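Colleague: Sequence and predicted model, in that order:
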Amino acid sequence: MALNIKPIGDRVVVEAAPAEEKTASGLYIPDTAKEKPSQGTVVAVGSGKPEEPLTVKVGDKVLYGKYAGTEITYEGKEYLIMRESDIYAVL
């Protein structure tokens, strides 16, 4: 399903990966102790700036800052809208 959100300028919309449910040793993590995910999948991109085109594209898996972006809920799903500069790397 295509996302009907069109970010403006150098912004991208990212769907965050789900938070870890249990530790490497098998212990389950309670909801209050889960860390915000710092990776996700790009689901929409803006048009970029004339002097600085965007380098990420829809479908890229990316790493971003822990507090990057603005959280939104659209059609029952959680997304982050952030500037491309908040993205650290493409996986």
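Modeller: Arrived safely, thanks for sending.
Colleague: CA only for contacts and neighbour counts going forward, please
Modeller: Will do.
Colleague: Ramachandran angles for Gly76?
Modeller: phi 80, psi 0 (degrees, to the nearest 10).
Colleague: Can you get me a residue count around it?
Modeller: Neighbours of Gly76 under the rule other CA atoms under 10 Å: 7.
Colleague: for this protein, what spans make up the strands?
Modeller: 11-16, 39-45, 61-64, 70-74, 77-83, 87-90 (DSSP state E).
Colleague: okay if I get those as a markdown table plus distance to Ser25?
Modeller: As requested, those are exported to a markdown table (distance: least, CA to CA, whole Å):
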| stretch | distance to Ser25 |
| --- | --- |
| strand 11-16 | 24 |
| strand 39-45 | 22 |
| strand 61-64 | 24 |
| strand 70-74 | 31 |
| strand 77-83 | 29 |
| strand 87-90 | 28 |
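Colleague: Out of those, flag the one nearest Gly26.
Modeller: strand 39-45 (21.7 Å; CA to CA).
Colleague: So what touches that closest one?
Modeller: For strand 39-45, contacts defined as CA atoms under 8 Å, 6 or more residues apart in numbering pick out 3, 5-7, 10-17, 56-64.
Colleague: Just the CA trace of it, in CSV.
Modeller: The C-alpha trace of strand 39-45 is given here as CSV (Å, rounded to 0.1, in the frame of the first residue of the first chain):
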residue,chain,number,x,y,z
GLN,A,39,16.6,2.2,12.7
GLY,A,40,13.7,1.9,10.3
THR,A,41,12.6,1.9,6.7
VAL,A,42,12.1,5.0,4.5
VAL,A,43,8.5,5.0,3.3
ALA,A,44,8.3,8.5,1.6
VAL,A,45,10.8,11.2,0.6
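Colleague: Noted, bye for now.
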